[in-house]
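Student: task: produce atomic coordinates for the following.
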Amino acid sequence: MSAFARIKRAVRQAISACGGIDGAAATIEKSRSLVGSWHNPNQHDLPTLADAHAIDEIAVIEGRRPEIVSAMARELGGVYLQLPQVTGNGETLALRVCELAKELGDVSARVGEAVADGAVTPREAASVETEVDDLIERAVMLRAELQKLQGDAVVSIGIGKRDVH
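Tutor: All right, here's what the predicted structure looks like:
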């Protein structure tokens with residue numbers, strides 16, 4: 001599948017999560033036919049960055065992953081991580097560890113399902129990837145809480161780097 005097709009799929013998911021074509025059109029104050037062309041897999045139209053941002057913003061407000069920016073980040077070899085707002089003082093540390101363990105269990109279950117027949121399909125790989133994204137998000141939340149307990153309010157992610165500000 002091409003990068004365009006993967007981004008188009010993300011746009012379709014984001015529109016669906018935003019109340020479908022009508023809901024997304026109302027959200028960004030654009031015509032139904034324009035949003036419909038973005039949603040149509042046979043059309044090569046995509047939203048502008050401002051419109052994609054507005055659609056993804058609804059997902060963020062509702063506590064969901066912004067599909068369009070997440071797909072764009074994957075195409076550039078990255079991952080979208082929303083920086084967490086930690087307000088507790090360590091009381092939720094155990095909860096964060098439990099959430100992380102649950103997500104690891106979800107990843108393990110999806111991998112088990114995918115390899116059960118001896119072949120991993122692209123759809124199964126995408127399902128595992130979604131679970132891995134959830135695992136990463138929970139790990140970032142745990143890390144943010146630990147940093148807050150150390151008096152460090154900056155959440156940074158980097159391989160081989162420590163707290164790049």
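Student: and V97, what is it in contact with?
Tutor: Contacts for V97 (CB atoms under 8 Å, 6 or more residues apart in numbering) come out as L142. Every residue, glycine included, has its C-beta placed from N, CA and C.
Student: do you know how far it is from M141?
Tutor: Distance of V97 to M141, computed by CB to CB, to the nearest Å: 10 Å.
Student: what do you get for D56?
Tutor: Taking CB to CB, one finds D56 at 20 Å from M141.
Student: before we move on, what about R32?
Tutor: For R32, the distance to M141 equals 38 Å [CB to CB].
Student: neighbour count winner among D56 and M141?
Tutor: Shown here are D56 and M141; by other CB atoms under 10 Å, D56 has more neighbours (26 against 21).
Student: so that one is in which element?
Tutor: Assigned by DSSP states H and E, D56 falls within helix 49-61.
Student: which other helices and strands does that helix contact?
Tutor: In terms of contacts (3 or more CB pairs under 8 Å, 6 or more residues apart in numbering; DSSP states H and E), helix 49-61 is packed against helix 3-17, helix 20-28, helix 67-75.
Student: quick one: average confidence on it?
Tutor: Within the predicted structure, the mean pLDDT of helix 49-61 is 94.
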